[in-house]
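Sequence and predicted model, in that order:
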Amino acid sequence: MFSQTNIRLVLDDHDAVLHLNDSFDIAEFVVEDLEFKPLGPAYYDLDLTYTGDGVLALGVVTLDVSAPCVRCLEEFPLRINSEVQTLFYLDPTVDDAGDPLPFIDDEGNISLLDELYEDLRMETPFAPLHDRDCLGLCPKCGVNLNVETCTCSHEIDPTHPLAGLIGLIGEDGHADEEDSE
């Protein structure tokens, strides 16, 4: 997907630390049916060191995106931060499930940006909210309850499967305790 990064310096001098600080562009991506639109490039700041088994990349990668709020569907800016801790093995190898692990090719190249992209995708929130107190959309008329009010959202539907639970919770949000002693 992305170009290769040469880390020959660390392979030739096992005491060397290769510091990489740069950016790369990412296209729009989808996680769990939600589209995330990058607002600029992803930035990374990494140190690569030789470990004996391979080269370890430690640092951070950051990306600002426009994300949809899962409650009200309004787009909002979101920063995705990922701590990077990836070992690039000296030889091709697989994990317990048989999936290939990151490795260093014969020329000393690694697929660094591919791994950073995957780190960002893993840190992308499953259910992004622009505000934890977001009221969302009215399930009946679809109005954004953060912007305007409607009367249908407060009507009780007696045919709803959970309608029998109405009255179990008092107006203060606690269970009614009528003569519970």
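Thanks, I have the structure now. Numbering: from 1, shown residues only.

for the helix of greatest length in the chain, packing partners?
The longest helix of the chain (DSSP state H) is helix 112-123. Where contact means 3 or more C-beta pairs under 8 Å, 6 or more residues apart in numbering; DSSP states H and E, helix 112-123 is packed against strand 17-24, strand 42-50, strand 54-68, strand 75-89. (Each C-beta comes from the backbone N, C-alpha and C, glycine too.)

give the contact list for the closest residue to residue 123 other than its chain neighbours.
Of all residues not flanking residue 123 in the chain, residue 82 sits nearest, at 4.2 Å (C-beta to C-beta, 6 or more residues apart in numbering). For residue 82, the contact set (C-beta atoms under 8 Å, 6 or more residues apart in numbering) comprises 60, 61, 62, 116, 119, 120, 122, 123.

how about the third one, what does it touch?
Shown in contact with residue 62 (C-beta under 8 Å, 6+ apart): 42, 43, 44, 79, 80, 81, 82.

Just say helix, strand or coil for residue 11.
Three-state call for residue 11 (DSSP: H, G, I helix; E, B strand; the rest coil): helix.

Any idea how many residues pack against it?
17 (other C-beta atoms under 10 Å).

Equivalent analysis for residue 86, please.
20.

Nearest the middle, which residue of this structure would you pick?
A centroid search over the chain (C-alpha atoms, centre = their mean) returns residue 124, at 0.9 Å, as the residue closest to the centre.

Any idea what the closest residue to residue 112 other than its chain neighbours is bridged to?
Once flanking residues are discounted, residue 112 sits nearest to residue 5: 4.1 Å by C-beta to C-beta, 6+ apart. When assigned by DSSP bridges, residue 5 has beta-bridge partners residue 110.

Likewise for residue 88?
Per DSSP bridges, the residues bridged to residue 88 are residue 55.

That one contacts residue 55, correct?
Yes: look at residue 88 against residue 55 with C-beta atoms under 8 Å: they come within range, at 4.8 Å.

Need the residues touching each of those two.
Joint contacts of residue 88 and residue 55 (C-beta under 8 Å, 6+ apart) are 7, 104, 110.

Could you pull up the contacting residues of the second one?
Read it as residue 104. Contacts of residue 104 (C-beta under 8 Å, 6+ apart): 7, 11, 54, 55, 88, 89, 90, 110.

In PyMOL, how would I select the buried members of these?
Buried residues within the contacts of residue 104, by 16 or more other C-beta atoms under 10 Å, are selected in PyMOL with:
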select buried, resi 7+11+54+55+88+89+110
